[in-house]
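Novice: sequence? don't have it. structure:
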């Protein structure tokens, strides 16, 4: 019997991501089905005078779904991805309808790198340094506010 499977967006270190992707495919379509956007509890972050309302993706499933299938997002809304360990984090945009800017962050909220991601692509963009925290915002959000590598966000998600 053939089953139609939607592929999920992976945000995992290279080898671990491949192993987990294969395990997810073999475990059946129910674990991969995502019909609409997820809504997660949010935390308030600050980028200087700018407030961010960031949904927090903590579990592997929440991180894999991310902002998939979301047709719009508020101008100061985003998603914070929290990983258990610092590692090279790679993101792609399969089933993600919005163009996004992704900030790879140090534990203290310092921006290490920002990359722009076009919607609905399989091109993976990875952090250049190991990180535990990644923040996705509407594309151009950081640039419009003068945030770049070395800038620092604040809020309860970051260690002082």
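Specialist: That came through fine. It should be emphasised that the depicted structure is a prediction, and the values quoted were computed from it without experimental measurement.
Novice: what about the longest strand in this protein?
Specialist: The single longest strand within the chain, with elements called by DSSP state E, is strand 77-87.
Novice: going by neighbour count, list what's buried in that strand.
Specialist: 77-81, 83, 87 (16 or more other CB atoms under 10 Å). C-beta: built from backbone N, CA, C; applies to glycine.
Novice: and if you look at stretch 45-60?
Specialist: 45, 47, 52, 54-55, 57, 60.
Novice: and it, end to end?
Specialist: End-to-end distance of stretch 45-60 (CA to CA, to the nearest Å): 22 Å.
Novice: and for that stretch, what's in contact with it?
Specialist: 20, 39-44, 63, 65-66, 74, 76-82, 109, 135, 137, 142, 145, 147, 151, 153-155, 157 (CB atoms under 8 Å, 6 or more residues apart in numbering).
Novice: restricted to strands, list the residues you listed.
Specialist: 42-44, 77-82, 135, 137.
Novice: which of these lies closest to residue 103?
Specialist: Among the ones in strands among the contacts of stretch 45-60, residue 135 lies closest to residue 103 (CB to CB), at 4.6 Å.
Novice: need the nearest residue in space to the closest one, chain neighbours excluded.
Specialist: Of all residues not flanking residue 135 in the chain, residue 103 sits nearest, at 4.6 Å (CB to CB, 6 or more residues apart in numbering).
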